[in-house]
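Asker: Need the 3D shape of this:
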Amino acid sequence: MRDLIGKLEVVDDDAASALRVIDHFDRLVDERASIAAVVRAAAALAGATAGLHDAARALVRRFTPDGRALTGEKEGEWRHEPVPGHPGSWLWLERTGEDGPLDALILERAARALQALGTGSSQPSTSGLVRIVCDPDATEADRRDAVARLGLSGTATVVLSTSAHLPTTLISTVGTLVVALLPGAPSLPEDIRAGSATATDPLRLPIAFEQARTAFRLAADVGGLAPSVLRYEDLGALAVIAERISAEEAAAVGDVRRLDELLAAHPWVVETLHAVLDQPSLRQSAAMLHLHHSTLQERLGWLSGQLGYSPTKGRGRQRAAVAVLLWRVAHGTDHEVVAEPH
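Answerer: Okay, the predicted model is just below:
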């Protein structure tokens, strides 16, 4: 191969360059190179950032032409090349403008190298199939195949939780969280932290997954007064706020910062506001908090002075409700839900 490349360099540099690409990936296969080495090679040869997405293993790898690793998957209309025989796995080059003259060859040979090196699995496990059906970037063909393999039909519910004790065998992990698929719209145990969403068609599970992520962000920790299990369908307008405001944006709101300041010395602040906002009367709020009515009155008087508004009256009540919601957005983030495991 190298002799041929040398001869071609004299008469046809384009053909020699193409053979260099083929030779490079062939040598990586012979050396049993790693996934990272193949993706790095694609980036270096193309002179553009290269990436690999493996939905079955919730894996994303991206490297710059100089070999630096990047995190996450950058959005864009990139040329995609599926890895043959490995559902939910494909490569891309992040090139702006026109494709390079060897881009198609680089992607094709990199994909073939990954196939030969046995990355991923030609027969994904149940866990991998669950990831594929929930992955918005998986191809429709891969998702349909995964849906069929899992035996899904009709309505299905996606659950994101900190607990694996759920009544289903269709379970996987995404980051540090459990993702589970359940038929229909079942009730969930109340002693876990979880967010759920229902899809009437299994092919719409990626949308339900994102909705379950939103519900999980607003779910409280187990043991508090606020619900630790939330259905996206019950959130209504609250979901719009959680979807459009990031944790960082919520944490920067003055009313949220004030709650954090008060919580540092008074850990009951948010629970007290939740009880007052949740119950129709102060007596019922006091009972929910296991406090005497007069003690709650003292707390609320102190809180009104600290917050600068009354959380029990008119607009002050509305302001407190929004502040608590944004506080949950800021602190109940989905940072545990990531696209790829480390």
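
Asker: ok, now which ones touch Asp255?
Answerer: Residues in contact with Asp255 (CB atoms under 8 Å, 6 or more residues apart in numbering) are Leu307, Arg319, Val322, Ala323, Leu326. (Each C-beta comes from the backbone N, C-alpha and C, glycine too.)

Asker: Could you double-check that Thr214 lies in contact with Leu235?
Answerer: Yes. Proximity of Thr214 to Leu235 meets the contact threshold set by CB atoms under 8 Å, at 7.3 Å.

Asker: For the stretch 1-150 of the chain, which segments are assigned as strands?
Answerer: 49-54, 59-63, 69-70, 79-82, 89-94 (DSSP state E, counting those that start in this stretch).

Asker: I'd like these laid out as a markdown table, including distance to Leu289 and mean pLDDT.
Answerer: Shown next, in a markdown table, are those (distance: least, CB to CB, whole Å; pLDDT from 0 to 100):
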| stretch | distance to Leu289 | mean pLDDT |
| --- | --- | --- |
| strand 49-54 | 48 | 90 |
| strand 59-63 | 45 | 86 |
| strand 69-70 | 48 | 85 |
| strand 79-82 | 54 | 84 |
| strand 89-94 | 52 | 90 |
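
Asker: can you tell me which of those comes nearest to Arg283?
Answerer: strand 59-63 (53.0 Å; CB to CB).

Asker: related to what we said a few turns ago, I'd like to know which of the contacts of Asp255 are buried.
Answerer: Those of the contacts of Asp255 that meet the buried threshold are Leu307, Arg319, Ala323, Leu326, by 16 or more other CB atoms under 10 Å.

Asker: The first one reaches Arg317, doesn't it?
Answerer: No. The pair Leu307 and Arg317 does not pass the contact test of CB under 8 Å, sitting 11.5 Å apart.

Asker: which residue packs closest to Ile192, ignoring adjacent ones?
Answerer: In space, Ile192 comes closest to Ser163 once its chain neighbours are excluded; the distance is 4.0 Å by CB to CB, 6 or more residues apart in numbering.

Asker: how much space between that neighbour and Ala208?
Answerer: With distances taken as CB to CB, to the nearest Å, Ser163 is found 19 Å from Ala208.

Asker: Have a look at these two and say which one is more surrounded.
Answerer: Ala208 (24 against 16; other CB atoms under 10 Å).

Asker: Contacts only, for that one.
Answerer: Here Ala208 is in contact with Cys134, Ala156, Thr157, Val158, Ala197, Thr198, Ala199, Tyr232 (CB under 8 Å, 6+ apart).

Asker: Report the lowest-confidence entry in the residues you listed.
Answerer: Least confident of those in the model: Cys134, at 90.

Asker: Thought Thr157 was touching it, still the case?
Answerer: No. Under the criterion of CB under 8 Å, Cys134 is not in contact with Thr157, lying 11.7 Å apart.

Asker: any shared contact partners between these two?
Answerer: By CB under 8 Å, 6+ apart, the residues touching both Cys134 and Thr157 are Leu181, Ala208.

Asker: now what about stretch 133-142, what contacts it?
Answerer: 53, 55, 58, 73, 82, 87-88, 90, 132, 143, 146-147, 150, 152, 158, 174, 179, 181, 202-203, 205-210.

Asker: buried stuff in that stretch?
Answerer: So, applying 16+ other CB under 10 Å, buried residues of stretch 133-142: Val133, Cys134, Asp135, Asp137, Ala138, Thr139, Asp142.

Asker: quick check, nearest of the residues you listed to Val276?
Answerer: Nearest member of the buried residues of stretch 133-142 to Val276, counting by CB to CB, is Cys134, at 37.6 Å.

Asker: Relative to Ala219, how far out is that closest one?
Answerer: 18 Å.

Asker: in this structure, what spans have low per-residue confidence?
Answerer: 1-15, 72-76, 119-123, 175, 333-342 (pLDDT under 70).

Asker: I'd like the domain boundaries of it, if you could list them.
Answerer: 2-117, 126-232, 245-331 (automatic domain parsing).

Asker: Now distance to Ala239 too, for the ones you listed, in TSV please.
Answerer: Shown next, in TSV, are the domains of the chain (distance: least, CB to CB, whole Å):
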stretch	distance to Ala239
domain 2-117	22
domain 126-232	5
domain 245-331	11
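
Asker: so which of these is the most packed in?
Answerer: domain 126-232 (a mean of 19; mean count of other CB atoms under 10 Å).

Asker: and that domain, how far out from the chain's middle?
Answerer: Here the centre of domain 126-232 is set off from its chain's centre by 12 Å, with CA atoms, centre = their mean, to the nearest Å.

Asker: just stretch 84-99 next, same as before
Answerer: With CA atoms, centre = their mean, you get 20 Å for stretch 84-99.

Asker: Quick check: end-to-end length of that stretch?
Answerer: The first and last residues of stretch 84-99 sit 22 Å apart, counting by CA to CA, to the nearest Å.

Asker: What ranges does the stretch 51-200 of the chain have for its helices?
Answerer: 103-117, 126-134, 140-150 (DSSP state H, counting those that start in this stretch).

Asker: can you dump the C-alpha coordinates of the last one into CSV?
Answerer: Read it as helix 140-150. Coordinates of each C-alpha in helix 140-150 appear next as CSV, following Å, rounded to 0.1, in the frame of the first residue of the first chain:
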residue,chain,number,x,y,z
GLU,A,140,-36.3,6.4,12.8
ALA,A,141,-35.3,3.0,11.4
ASP,A,142,-33.2,2.2,14.5
ARG,A,143,-36.0,3.5,16.8
ARG,A,144,-38.6,1.3,15.1
ASP,A,145,-36.3,-1.7,15.3
ALA,A,146,-35.8,-1.1,19.0
VAL,A,147,-39.5,-0.6,19.7
ALA,A,148,-40.2,-3.9,18.0
ARG,A,149,-37.4,-5.7,19.9
LEU,A,150,-38.8,-4.4,23.2
